[in-house]
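Novice: build me a model from this:
(chains A, B, C and D)
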2 protein chains.
Amino acid sequence: MNKDMTYEEFQEKVSDIILTESGNCPVTPVIQMLQGKWKLQIIYELCIQSPMRFGELKKMLKPITNTMLTNALKELEEDGLVHREQYNEIPPRVEYSLTEKGRDLLPVFYAISQWGMKYIP
Amino acid sequence: MNKDMTYEEFQEKVSDIILTESGNCPVTPVIQMLQGKWKLQIIYELCIQSPMRFGELKKMLKPITNTMLTNALKELEEDGLVHREQYNEIPPRVEYSLTEKGRDLLPVFYAISQWGMKYIP
DNA sequence: CTTATCGGTATGATTTTTCATACTAAGTAT
DNA sequence: ATACTTAGTATGAAAAATCATACCGATAAG
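Specialist: Modelled structure (predicted):
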(Lines give C-alpha, C1' and ligand atoms only; values in the text may rest on other atoms or scores of the structure.)
Protein backbone atom coordinates (compact mmCIF):
# COMPACT_ATOMS: atom_id res chain seq x y z
CA MET A 1 0.00 0.00 0.00
CA ASN A 2 1.30 3.33 -1.08
CA LYS A 3 2.04 6.07 1.41
CA ASP A 4 0.37 8.61 -0.84
CA MET A 5 -2.81 6.65 -1.35
CA THR A 6 -5.77 8.94 -1.67
CA TYR A 7 -9.09 8.38 -0.03
CA GLU A 8 -10.58 7.15 -3.29
CA GLU A 9 -7.82 4.61 -3.66
CA PHE A 10 -8.26 3.63 -0.05
CA GLN A 11 -11.95 3.10 -0.61
CA GLU A 12 -11.20 0.79 -3.51
CA LYS A 13 -8.27 -1.02 -1.99
CA VAL A 14 -9.23 -1.27 1.65
CA SER A 15 -9.66 -4.99 1.16
CA ASP A 16 -5.97 -5.40 0.41
CA ILE A 17 -4.78 -3.79 3.60
CA ILE A 18 -5.45 -6.38 6.22
CA LEU A 19 -4.57 -9.13 3.78
CA THR A 20 -0.92 -8.21 3.22
CA GLU A 21 1.03 -9.62 6.15
CA SER A 22 -0.64 -10.60 9.37
CA GLY A 23 1.37 -8.02 11.28
CA ASN A 24 1.44 -5.29 8.68
CA CYS A 25 -2.06 -3.91 8.77
CA PRO A 26 -1.79 -0.18 9.43
CA VAL A 27 -5.18 -0.02 11.13
CA THR A 28 -5.55 -2.73 13.74
CA PRO A 29 -2.44 -1.86 15.77
CA VAL A 30 -3.59 1.74 15.94
CA ILE A 31 -7.02 0.72 17.08
CA GLN A 32 -5.45 -1.36 19.80
CA MET A 33 -3.09 1.40 20.86
CA LEU A 34 -5.99 3.77 21.40
CA GLN A 35 -8.18 1.35 23.30
CA GLY A 36 -9.45 2.09 26.75
CA LYS A 37 -11.94 4.43 28.23
CA TRP A 38 -9.77 7.54 28.36
CA LYS A 39 -6.96 7.57 25.83
CA LEU A 40 -8.82 9.06 22.89
CA GLN A 41 -10.46 11.57 25.18
CA ILE A 42 -7.14 12.66 26.60
CA ILE A 43 -5.62 13.10 23.17
CA TYR A 44 -8.67 15.03 22.08
CA GLU A 45 -8.39 17.35 25.07
CA LEU A 46 -4.78 17.94 24.16
CA CYS A 47 -5.81 18.68 20.57
CA ILE A 48 -8.03 21.38 21.98
CA GLN A 49 -5.57 22.82 24.44
CA SER A 50 -1.92 22.06 24.87
CA PRO A 51 -0.02 22.04 27.10
CA MET A 52 -2.28 21.12 29.97
CA ARG A 53 -1.45 20.45 33.56
CA PHE A 54 -2.41 17.22 35.27
CA GLY A 55 -5.06 18.99 37.30
CA GLU A 56 -6.55 20.75 34.29
CA LEU A 57 -6.86 17.49 32.41
CA LYS A 58 -8.45 15.93 35.45
CA LYS A 59 -10.98 18.73 35.61
CA MET A 60 -11.86 18.44 31.92
CA LEU A 61 -12.19 14.68 32.07
CA LYS A 62 -14.11 14.57 35.31
CA PRO A 63 -15.07 12.05 36.68
CA ILE A 64 -11.73 10.46 35.87
CA THR A 65 -9.71 9.29 38.85
CA ASN A 66 -6.07 10.03 39.58
CA THR A 67 -5.12 6.44 38.90
CA MET A 68 -6.80 6.26 35.53
CA LEU A 69 -5.41 9.56 34.35
CA THR A 70 -1.93 8.71 35.52
CA ASN A 71 -1.95 5.29 33.88
CA ALA A 72 -3.37 6.51 30.61
CA LEU A 73 -0.89 9.38 30.40
CA LYS A 74 1.96 7.03 31.18
CA GLU A 75 0.95 4.70 28.38
CA LEU A 76 0.42 7.55 25.93
CA GLU A 77 3.87 8.78 26.78
CA GLU A 78 5.32 5.31 26.24
CA ASP A 79 3.65 5.24 22.84
CA GLY A 80 5.23 8.58 22.02
CA LEU A 81 1.97 10.43 21.61
CA VAL A 82 2.23 12.66 24.65
CA HIS A 83 5.11 14.62 26.09
CA ARG A 84 5.48 15.13 29.82
CA GLU A 85 7.32 18.18 31.07
CA GLN A 86 8.04 18.35 34.75
CA TYR A 87 8.96 21.60 36.47
CA ASN A 88 10.63 21.24 39.80
CA GLU A 89 8.61 23.75 41.70
CA ILE A 90 6.64 23.61 44.86
CA PRO A 91 3.81 22.80 44.61
CA PRO A 92 4.73 20.55 41.68
CA ARG A 93 3.82 21.45 38.13
CA VAL A 94 3.70 19.01 35.25
CA GLU A 95 2.56 19.90 31.77
CA TYR A 96 1.36 17.48 29.15
CA SER A 97 1.35 18.18 25.46
CA LEU A 98 1.00 16.26 22.21
CA THR A 99 4.08 15.20 20.34
CA GLU A 100 4.12 15.50 16.58
CA LYS A 101 3.14 11.85 16.48
CA GLY A 102 0.21 12.67 18.68
CA ARG A 103 -0.75 15.78 16.76
CA ASP A 104 -0.81 13.70 13.61
CA LEU A 105 -3.92 12.03 14.97
CA LEU A 106 -5.85 15.24 14.36
CA PRO A 107 -7.20 14.00 11.00
CA VAL A 108 -8.72 11.06 12.83
CA PHE A 109 -10.60 13.41 15.10
CA TYR A 110 -11.58 15.51 12.12
CA ALA A 111 -13.09 12.47 10.45
CA ILE A 112 -14.84 11.54 13.66
CA SER A 113 -16.24 15.03 14.06
CA GLN A 114 -17.52 15.02 10.47
CA TRP A 115 -19.34 11.79 11.18
CA GLY A 116 -20.60 13.12 14.47
CA MET A 117 -21.97 16.28 12.90
CA LYS A 118 -23.84 14.22 10.36
CA TYR A 119 -25.28 11.62 12.69
CA ILE A 120 -25.44 12.95 16.22
CA PRO A 121 -28.62 14.84 16.91
CA MET B 1 -19.70 24.60 13.93
CA ASN B 2 -20.36 24.43 10.23
CA LYS B 3 -21.18 21.15 8.55
CA ASP B 4 -18.86 22.01 5.70
CA MET B 5 -15.89 22.88 7.86
CA THR B 6 -12.66 21.95 6.15
CA TYR B 7 -9.77 20.27 7.83
CA GLU B 8 -7.90 23.56 8.02
CA GLU B 9 -10.82 25.22 9.71
CA PHE B 10 -11.12 22.25 12.01
CA GLN B 11 -7.49 22.53 12.94
CA GLU B 12 -7.99 26.17 13.84
CA LYS B 13 -11.31 25.83 15.55
CA VAL B 14 -11.02 22.48 17.29
CA SER B 15 -10.95 24.30 20.59
CA ASP B 16 -14.47 25.58 20.05
CA ILE B 17 -16.01 22.18 19.52
CA ILE B 18 -16.11 20.72 22.98
CA LEU B 19 -16.85 24.11 24.45
CA THR B 20 -20.22 24.72 22.74
CA GLU B 21 -22.81 22.82 24.76
CA SER B 22 -21.88 20.09 27.16
CA GLY B 23 -23.87 17.56 25.16
CA ASN B 24 -23.15 18.85 21.69
CA CYS B 25 -19.57 17.80 21.08
CA PRO B 26 -19.53 15.77 17.85
CA VAL B 27 -16.49 13.79 18.92
CA THR B 28 -16.89 12.39 22.43
CA PRO B 29 -20.19 10.57 21.83
CA VAL B 30 -18.69 8.87 18.80
CA ILE B 31 -15.65 7.83 20.76
CA GLN B 32 -17.89 6.33 23.38
CA MET B 33 -20.06 4.57 20.83
CA LEU B 34 -17.05 2.82 19.36
CA GLN B 35 -15.52 1.77 22.64
CA GLY B 36 -14.79 -1.81 23.46
CA LYS B 37 -12.33 -4.37 22.30
CA TRP B 38 -14.12 -5.45 19.13
CA LYS B 39 -16.42 -2.82 17.68
CA LEU B 40 -13.91 -0.94 15.56
CA GLN B 41 -12.41 -4.19 14.40
CA ILE B 42 -15.77 -5.54 13.34
CA ILE B 43 -16.62 -2.39 11.42
CA TYR B 44 -13.22 -2.49 9.79
CA GLU B 45 -13.74 -6.09 8.73
CA LEU B 46 -17.04 -5.08 7.21
CA CYS B 47 -15.32 -2.20 5.40
CA ILE B 48 -13.08 -4.79 3.83
CA GLN B 49 -15.73 -7.32 2.99
CA SER B 50 -19.46 -7.00 3.18
CA PRO B 51 -21.71 -8.81 3.70
CA MET B 52 -20.10 -11.34 5.98
CA ARG B 53 -21.61 -14.28 7.75
CA PHE B 54 -21.34 -14.72 11.49
CA GLY B 55 -18.90 -17.55 11.08
CA GLU B 56 -16.71 -15.63 8.65
CA LEU B 57 -16.48 -12.70 11.01
CA LYS B 58 -15.63 -15.05 13.82
CA LYS B 59 -12.84 -16.58 11.78
CA MET B 60 -11.38 -13.19 10.85
CA LEU B 61 -11.54 -11.91 14.40
CA LYS B 62 -10.24 -15.07 16.02
CA PRO B 63 -9.86 -15.44 18.99
CA ILE B 64 -13.17 -13.69 19.57
CA THR B 65 -15.82 -15.75 21.36
CA ASN B 66 -19.41 -16.26 20.33
CA THR B 67 -20.64 -14.14 23.17
CA MET B 68 -18.42 -11.19 22.41
CA LEU B 69 -19.18 -11.23 18.71
CA THR B 70 -22.90 -11.58 19.30
CA ASN B 71 -22.98 -8.76 21.82
CA ALA B 72 -20.89 -6.40 19.76
CA LEU B 73 -22.92 -7.03 16.62
CA LYS B 74 -26.13 -6.51 18.56
CA GLU B 75 -24.93 -3.14 19.84
CA LEU B 76 -23.66 -2.08 16.44
CA GLU B 77 -27.03 -2.94 15.01
CA GLU B 78 -28.77 -0.94 17.73
CA ASP B 79 -26.56 2.01 16.86
CA GLY B 80 -27.57 1.66 13.23
CA LEU B 81 -24.07 0.94 11.96
CA VAL B 82 -24.61 -2.68 10.98
CA HIS B 83 -27.43 -4.45 9.21
CA ARG B 84 -28.38 -8.01 10.03
CA GLU B 85 -30.03 -10.13 7.37
CA GLN B 86 -31.33 -13.49 8.43
CA TYR B 87 -32.16 -16.23 5.92
CA ASN B 88 -34.39 -18.97 7.16
CA GLU B 89 -32.43 -21.92 5.88
CA ILE B 90 -31.05 -24.98 7.52
CA PRO B 91 -28.36 -24.71 8.69
CA PRO B 92 -29.03 -21.06 9.50
CA ARG B 93 -27.42 -18.26 7.55
CA VAL B 94 -27.09 -14.71 8.77
CA GLU B 95 -25.28 -11.98 6.90
CA TYR B 96 -23.94 -8.78 8.37
CA SER B 97 -23.21 -5.65 6.38
CA LEU B 98 -22.54 -2.00 7.01
CA THR B 99 -25.37 0.47 6.76
CA GLU B 100 -24.71 3.82 5.10
CA LYS B 101 -24.17 5.21 8.56
CA GLY B 102 -21.58 2.54 9.16
CA ARG B 103 -19.94 2.99 5.78
CA ASP B 104 -19.58 6.67 6.53
CA LEU B 105 -16.98 5.73 9.11
CA LEU B 106 -14.62 4.81 6.28
CA PRO B 107 -12.87 8.20 6.41
CA VAL B 108 -12.03 7.51 10.03
CA PHE B 109 -10.31 4.30 9.05
CA TYR B 110 -8.61 6.08 6.21
CA ALA B 111 -7.19 8.64 8.63
CA ILE B 112 -6.13 5.85 10.97
CA SER B 113 -4.43 3.97 8.16
CA GLN B 114 -2.56 7.10 7.07
CA TRP B 115 -1.27 7.49 10.59
CA GLY B 116 -0.46 3.82 10.80
CA MET B 117 1.53 3.86 7.58
CA LYS B 118 3.55 6.78 8.86
CA TYR B 119 4.26 5.50 12.32
CA ILE B 120 3.96 1.74 12.42
CA PRO B 121 7.18 0.00 11.49
C1' DC C 1 -29.24 -43.95 13.54
C1' DT C 2 -25.45 -40.89 13.90
C1' DT C 3 -23.08 -37.00 12.91
C1' DA C 4 -22.29 -32.52 11.10
C1' DT C 5 -23.78 -27.89 10.11
C1' DC C 6 -24.67 -22.77 11.75
C1' DG C 7 -25.77 -18.96 14.56
C1' DG C 8 -26.28 -18.23 18.21
C1' DT C 9 -27.80 -18.66 24.13
C1' DA C 10 -26.89 -19.70 28.82
C1' DT C 11 -23.98 -20.30 32.63
C1' DG C 12 -20.61 -19.39 35.86
C1' DA C 13 -15.72 -18.51 36.36
C1' DT C 14 -11.84 -15.66 35.63
C1' DT C 15 -9.51 -11.71 34.27
C1' DT C 16 -9.27 -6.85 33.53
C1' DT C 17 -10.76 -2.35 34.33
C1' DT C 18 -12.22 0.98 37.08
C1' DC C 19 -13.22 2.85 41.44
C1' DA C 20 -12.99 5.34 46.15
C1' DT C 21 -10.13 6.44 49.65
C1' DA C 22 -6.21 7.62 52.08
C1' DC C 23 -1.68 9.16 51.76
C1' DT C 24 2.95 11.56 50.45
C1' DA C 25 6.53 15.41 49.80
C1' DA C 26 8.06 20.07 50.22
C1' DG C 27 7.44 24.49 50.45
C1' DT C 28 4.25 28.71 51.02
C1' DA C 29 0.74 31.38 53.17
C1' DT C 30 -1.78 32.20 57.62
C1' DA D 1 2.27 25.36 64.32
C1' DT D 2 -1.25 24.54 60.92
C1' DA D 3 -3.39 24.30 56.70
C1' DC D 4 -3.05 24.45 51.76
C1' DT D 5 -1.11 23.42 47.36
C1' DT D 6 0.01 19.78 43.23
C1' DA D 7 0.92 15.53 41.04
C1' DG D 8 0.77 11.84 41.74
C1' DT D 9 1.09 6.40 44.71
C1' DA D 10 -0.78 2.71 47.15
C1' DT D 11 -4.36 -0.21 48.52
C1' DG D 12 -8.12 -3.11 48.26
C1' DA D 13 -12.86 -3.33 46.77
C1' DA D 14 -16.27 -3.24 43.27
C1' DA D 15 -17.76 -3.42 38.69
C1' DA D 16 -17.32 -4.61 34.05
C1' DA D 17 -15.41 -7.17 30.36
C1' DT D 18 -14.04 -11.30 28.72
C1' DC D 19 -13.57 -16.14 28.88
C1' DA D 20 -14.41 -21.41 28.19
C1' DT D 21 -17.75 -24.61 27.94
C1' DA D 22 -21.93 -26.84 27.11
C1' DC D 23 -26.02 -26.68 24.74
C1' DC D 24 -29.97 -25.86 21.20
C1' DG D 25 -33.05 -26.62 16.84
C1' DA D 26 -33.79 -28.37 12.31
C1' DT D 27 -32.27 -30.56 8.54
C1' DA D 28 -29.15 -32.94 5.41
C1' DA D 29 -25.55 -36.19 4.46
C1' DG D 30 -23.51 -40.62 5.53
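Novice: make sure A:Trp38 is actually in contact with A:Thr70.
Specialist: No: taking contacts as C-beta atoms under 8 Å, A:Trp38 lies outside contact range of A:Thr70: 10.6 Å. Yep, even glycine has a C-beta here, placed from its N, CA and C like the rest.
Novice: comparing those two, which residue is more hemmed in?
Specialist: Set A:Trp38 next to A:Thr70 and count neighbours by other C-beta atoms under 10 Å in any protein chain shown: A:Trp38 wins out with 20 against 13.
Novice: need the contact list for the more buried one.
Specialist: A:Trp38 makes contacts with A:Leu61, A:Ile64, A:Met68, A:Leu69, A:Ala72, as judged by C-beta atoms under 8 Å, 6 or more residues apart in numbering or on different chains.
Novice: could you rerun that using 10 Å?
Specialist: By C-beta atoms under 10 Å, 6 or more residues apart in numbering or on different chains, A:Trp38 lies in contact with A:45, A:57, A:61, A:64-65, A:68-69, A:71-73, A:75-76, B:31.
Novice: any stretches of chain A with poor pLDDT?
Specialist: Counting by pLDDT under 70, chain A contains low-confidence ranges at A:1-4, A:16-23.
Novice: and the strands in it?
Specialist: For chain A, the strands defined by DSSP state E cover A:52-53, A:82-87, A:93-98.
Novice: minimum distance to A:Lys118: which of those has it?
Specialist: Among those, strand A:93-98 comes nearest to A:Lys118, with 26.2 Å by C-beta to C-beta.
Novice: could you dump the strands of chain A to a markdown table with distance to B:Phe109 and mean neighbour count?
Specialist: A markdown table is the format used below for the strands of chain A (distance: least, C-beta to C-beta, whole Å; neighbours: other C-beta atoms under 10 Å in any protein chain shown):
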| stretch | distance to B:Phe109 | mean neighbour count |
| --- | --- | --- |
| strand A:52-53 | 28 | 17 |
| strand A:82-87 | 23 | 14 |
| strand A:93-98 | 21 | 18 |
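Novice: which among these is found nearest to B:Ser15?
Specialist: Distance to B:Ser15, taken as C-beta to C-beta, is lowest for strand A:52-53 among the strands of chain A, at 11.8 Å.
Novice: ok, that closest one near DNA strand D or not?
Specialist: Yes: counting by C-beta under 7 Å from any atom of the strand, contacts between strand A:52-53 and DNA strand D involve A:Arg53.
Novice: how far does that strand sit from its chain's centre?
Specialist: Remark: strand A:52-53 is offset 16 Å from the chain centroid, using C-alpha atoms, centre = their mean, to the nearest Å.
Novice: need the nearest residue in space to the residue in chain A that DNA strand C sits nearest to, chain neighbours excluded.
Specialist: DNA strand C sits closest to A:Lys37 of chain A, with a gap of 3.1 Å, by C-beta to the nearest atom of the strand. Beyond its immediate neighbours in the sequence, the residue positioned closest to A:Lys37 (C-beta to C-beta, 6 or more residues apart in numbering or on different chains) is B:Gln35, lying 6.7 Å away.
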